[in-house]
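Participant: Provided below for reference: sequence and predicted model.
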Amino acid sequence: MIKFTIPGEPKAKARPRMTKAGHTYTPKTTVDYENWIKCCYIESKNKLGFKKSSEPIKAEITCYFPIPKSYSKVKKESALNGEIRPCKKPDVDNLAKSILDALNNLAYDDDKQVVELEIVKFYSDEPRTEVFLTEI
């Protein structure tokens, strides 16, 4: 089992962009976030001794978003208790894509090894993403 946390607001993988000359590229924000995910994984790996897996993987991803400043105290408390959940962008599939793609060749050989995926979104005073990877 691999467990690590990515501090900061969760970000989705952005679509590739195209130049006027017809070349495609990955937006800088996506590249930066995927590099941040890699750094967080490597730091945890070095502390806990994770090894790259070649087995099927179950991924559980929990994304914690900041509570909107416009929320009243009552609404903020409901958000912290999980009674109000973020029904806003980014979509869960794009959140998962940024994390799973970043972990290619680090946590596993390829993200095609992920055969089960659970991803949930909550609000928190401490924005972060928690990732649990388990060999099946």
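Facilitator: Arrived safely, thanks for sending. Numbers count the residues shown, from 1 in each chain.

Participant: gap between the longest helix anywhere in the chain and the chain center?
Facilitator: If you go by DSSP state H, the chain has its longest helix at helix 28-48. A distance of 10 Å separates the centroid of the chain from that of helix 28-48, by CA atoms, centre = their mean, to the nearest Å.

Participant: now for it, which elements pack on it?
Facilitator: On a contact count with 3 or more CB pairs under 8 Å, 6 or more residues apart in numbering; DSSP states H and E, helix 28-48 meets strand 2-7, helix 92-102. The way it works is simple: take the backbone N, C-alpha and C, and place the C-beta from them, glycine included.

Participant: pull the CA atoms of the last one into PDB?
Facilitator: In PDB, the C-alpha atoms belonging to helix 92-102 read as follows (Å, rounded to 0.1, in the frame of the first residue of the first chain):
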ATOM      1  CA  VAL A  92     -13.300  14.000 -11.000                       C
ATOM      2  CA  ASP A  93     -12.100  12.200 -14.200                       C
ATOM      3  CA  ASN A  94      -9.700  15.000 -15.000                       C
ATOM      4  CA  LEU A  95      -8.400  15.200 -11.400                       C
ATOM      5  CA  ALA A  96      -7.700  11.500 -11.500                       C
ATOM      6  CA  LYS A  97      -5.900  11.800 -14.900                       C
ATOM      7  CA  SER A  98      -3.400  14.400 -13.600                       C
ATOM      8  CA  ILE A  99      -2.500  12.200 -10.700                       C
ATOM      9  CA  LEU A 100      -2.400   8.800 -12.400                       C
ATOM     10  CA  ASP A 101      -0.400  10.200 -15.400                       C
ATOM     11  CA  ALA A 102       2.100  11.800 -13.100                       C
END
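
Participant: hmm, back to that, give me the distance from the next helix or strand after the longest helix of the chain to the chain's centre.
Facilitator: Downstream of helix 28-48, the next assigned helix or strand under DSSP states H and E is strand 57-66. Strand 57-66 has its C-alpha centroid displaced from the chain centroid by 6 Å (CA atoms, centre = their mean).
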